[in-house]
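Engineer: got a sequence here, can you build the structure:
(one chain, ligands or ions: 2)
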Amino acid sequence: MKVLHVAAEVFPLIKTGGLADVVAALPVALAHQGADVRLLLPGMPAVMEAVQHARLVIDIGNCFGALRVRLLLARMPGSALPVYVVDAPYLYRRAGGPYQDRQGEEWPDNLQRFALLGWVAAHLAGGDADLQWQPEVVHAHDWHAAMACAFIADHAGTEATSIFTIHNLAFQGLFPLHDWPLLGLASRLMSPAGLEFHGQLSFMKAGLKFADRVTTVSPTYAREIATAEFGFGLDGVIQARGADVGGILNGIDDVLWDPARDSAIAAAYDTQNLQGKLACRHALQAELGLQGDDDALLLTVVSRLTGQKGLDLLVAALPELLAQGVQVAVQGSGEPALEAAFHMAQQLHAGRVHVHLGYDEARAHRLIAGADAIVVPSRFEPCGLTQMYGLRYGTLPIVRRVGGLADTVTDEPDAGGEDTRSTGFVFDAAEPAALAQAVLRALRLRRESPVQWQARMQRAMALRLGWAGPARQYLSLYETALAKRRTVGAPVH
Ligand code: ADP
Ligand code: GLC
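Structural biologist: Ligands and ions are numbered 1, 2, ... in the order given. Sure thing, here's the model as predicted:
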């Protein structure tokens with residue numbers, strides 16, 4: 001089966017969040033299971049520099065406001081996965097982020113930048129971009145790639161099936177309606193039944209409306225986004241797709257994230273030998289200048305600092321938690337108010353709180369290996385990867401019961417009242433007191449029942465969190481979607 005994954009970011013080349021981890025790992029896992037998988041990426045500077053053996057596939061010329069657009073075929077560094085790169089220097093080669101400039105402003109031509117990405121995907125699917133390879137499945141990730149689904153739907157001859165995965169419904173790719181002519185799409189697609197969304201153009205909606213199947217990254221989030229509370233105004237559109245929408249839980253890269261083989265951490269460890277984890281804890285306390293207090297519950301946070309992540313709850317609960325003997329090591333960046341609040345907490349509680357405002361992969365490994373627990377109190381969470389990294393490292397997740405957090409962390413006794421299943425601590429209300437209660441439960445369990453604490457750790461570390469299972473689920477979804485296309489034909493839009 002020939003599968004094209006379309007995305008704007010991929011680890012380690014370009015990453016703003018978990019999307020990049022997924023795009024790096026899922027295609028490789030699909031290839032391991034026999035699929036013929038390629039990636040399609042916009043030619044941002046980091047991509048142009050990192051891909052290997054690039055060769056020209058087709059000179060596209062002038063489109064979407066750029067004079068020189070070419071399609072290249074190269075290999076990903078590391079995995080050697082084939083990767084198509086849209087080389088459009090005018091649109092993609094600039095210093096700054098993939099979606100925003102250095103000041104945090106959206107690039108003014110994001111409509112053209114990401115329409116081009118989808119348009120090239122549709123031409124690969126239609127067979128006129130690369131005569132040597134034509135995907136049967138186009139799998140588009142988030143709004144950045146969603147226009148692929150609209151362009152495919154707009155070209156009657158295309159046989160490929162399109163799959164759209166929502167990684168985060170909060171980011172939708174909204175543009176002024178009057179920019180519609182720039183897209184070059186049939187006018188019937190510009191209506192509330194198409195891309196129009198309350199007087200704007202919505203790329204997210206292009207995926208939701210025109211993909212043959214829509215997935216999101218956890219079963220619980222798939223149910224949540226059909227409600228007004230989590231739907232960001234698109235819950236009606238999602239409900240209307242009915243059984244076409246489903247959730248497939250993300251995996252994690254269990255080679256990159258493996259405490260037994262992680263060269264970034266102070267000492268290796270596994271379920272049979274947890275001594276190394278203690279060494280990681282001591283090394284981390286020393287590195288961060290935290291008191292060498294063996295009794296403290298050492299919490300970590302590795303996160304974007306935004307409203308989604310609910311870390312204001314942690315800030316509010318902090319005085320009480322610190323008074324009870326908690327230590328906190330935070331790494332993240334984002335909203336200035338949250339950054340300032342954590343910075344202030346560090347100043348007030350030197351030796352008990354450490355904050356690193358920035359992004360650092362190796363440090364994230366050291367934090368997750370060295371802490372006792374990782375806190376993810378999100379208001380909404382499509383999947384979440386860091387709680388899974390925590391599970392893998394025996395760093396028990398303390399999470400709110402939403403989205404993928406609810407699907408990955410267990411905190412309940414079995415039917416007989418014995419605790420044989422729990423892998424972390426889960427709370428419900430998005431309130432500081434509810435978070436504090438869960439943290440204090442963790443603190444007491446670690447102090448008073450070290451055997452049970454260790455049992456939770458070992459259970460968590462033994463979970464199978466890799467991509468093999470999710471990749472099988474995606475393959476079976478692709479089969480179903482393709483079979484439907486072959487028997488029923490393309491839907492009429
Ligand atoms: P989201 O994509 O919503 O930010 P995820 O949990 O899915 O949340 O993915 C976040 C990814 O980004 C994880 O791989 C996490 O380790 C990483 N990450 C987030 N902030 C930092 C940081 N400050 N330093 C290093 N890695 C980070
Ligand atoms: C998004 C979500 C996160 C998810 C990630 C990868 O960034 O916020 O929950 O884990 O995508 O799918």
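Engineer: and the residue of the stretch 51-200 of the chain nearest ligand 1?
Structural biologist: residue 168 (6.3 Å; C-beta to the nearest ligand atom). No exception for glycine: its C-beta is placed from N, CA and C like everyone else's.
Engineer: doesn't residue 382 make contact with that residue?
Structural biologist: Yes - under the contact definition of C-beta atoms under 8 Å, residue 168 touches residue 382, with a separation of 5.4 Å.
Engineer: coming back round to it: which residues touch the residue of the stretch 51-200 of the chain closest to ligand 1?
Structural biologist: Shown in contact with residue 168 (C-beta atoms under 8 Å, 6 or more residues apart in numbering): 17, 19, 142, 308, 382.
Engineer: ok, of those residues, which one's closest to residue 112?
Structural biologist: residue 142 (17.5 Å; C-beta to C-beta).
Engineer: chain neighbours aside, what residue packs nearest to the closest one?
Structural biologist: What sits nearest to residue 142 in space, not counting adjacent residues and going by C-beta to C-beta, 6 or more residues apart in numbering, is residue 167, at 4.8 Å.
Engineer: and what of residue 283?
Structural biologist: residue 266 (3.6 Å).
Engineer: skipping adjacent residues, who's closest to the residue in the stretch 1-150 of the chain that ligand 1 sits nearest to in space?
Structural biologist: The minimum distance from the stretch 1-150 of the chain to ligand 1, using C-beta to the nearest ligand atom, falls at residue 18 (2.2 Å). Using C-beta to C-beta, 6+ apart and skipping the chain neighbours, the partner closest in space to residue 18 is residue 385 (4.5 Å).
Engineer: looking at the one you found now. What's its pLDDT?
Structural biologist: With respect to pLDDT, residue 385 has a value of 98.
Engineer: so it sits right up against residue 250, yeah?
Structural biologist: Yes - using C-beta under 8 Å, residue 385 is in contact with residue 250, at 6.6 Å.
Engineer: the residue of the stretch 1-150 of the chain closest to ligand 1 touches residue 165, doesn't it?
Structural biologist: No - Residue 18 lies out of contact with residue 165 (C-beta under 8 Å); the separation is 11.9 Å.
Engineer: so between those two, which is more surrounded?
Structural biologist: residue 165 (27 against 24; other C-beta atoms under 10 Å).
Engineer: which residues of the stretch 1-150 of the chain lie near ligand 2?
Structural biologist: With C-beta under 6 Å from any ligand atom as the criterion, the stretch 1-150 of the chain meets ligand 2 at residues 17-19, 22.
Engineer: rerun that using 8 Å as the cut-off
Structural biologist: The stretch 1-150 of the chain comes close to ligand 2 at residues 17-19, 21-22, 142, as judged by C-beta under 8 Å from any ligand atom.
Engineer: counting neighbours, what do you get for residue 134?
Structural biologist: The number of residues near residue 134, taken as other C-beta under 10 Å, comes to 17.
Engineer: tell me the spatial nearest neighbour of it, not counting adjacent residues.
Structural biologist: Nearest non-adjacent residue to residue 134, counting by C-beta to C-beta, 6+ apart: residue 127, 4.6 Å away.
Engineer: was I right to think the residue nearest to residue 283 contacts residue 366?
Structural biologist: Yes - using C-beta under 8 Å, residue 266 is in contact with residue 366, at 7.2 Å.
Engineer: mind listing the shared neighbours of the two?
Structural biologist: Common neighbours of residue 266 and residue 366 (C-beta under 8 Å, 6+ apart) are 280, 283-284.
Engineer: of those, closest to residue 88?
Structural biologist: residue 284 (43.6 Å).
Engineer: that's a helix at the closest one, yeah?
Structural biologist: Yes - assigned with DSSP: H, G, I helix; E, B strand; the rest coil, residue 284 falls within a helix.
Engineer: ok, it touching residue 299?
Structural biologist: No - using C-beta under 8 Å, residue 284 makes no contact with residue 299, being 11.7 Å away.
Engineer: joint contacts of those two?
Structural biologist: In contact with both residue 284 and residue 299: 329, 371, using C-beta under 8 Å, 6+ apart.
Engineer: and the nearest residue in space to residue 46 that is not next to it in sequence, how many neighbours?
Structural biologist: Leaving aside its sequence neighbours, residue 46 sits nearest to residue 13 (C-beta to C-beta, 6+ apart; 4.7 Å). Residue 13: 21 surrounding residues under other C-beta under 10 Å.
Engineer: against residue 389, how distant is residue 13?
Structural biologist: 20 Å (C-beta to C-beta, to the nearest Å).
Engineer: do the same with residue 40
Structural biologist: 28 Å.
Engineer: how about the contacts made by the residue of the stretch 101-250 of the chain found nearest ligand 2?
Structural biologist: Distances between the stretch 101-250 of the chain and ligand 2 by C-beta to the nearest ligand atom are smallest at residue 167, namely 3.4 Å. Residues near residue 167 by C-beta under 8 Å, 6+ apart: 17-19, 22, 141-142, 216-217, 382-383.
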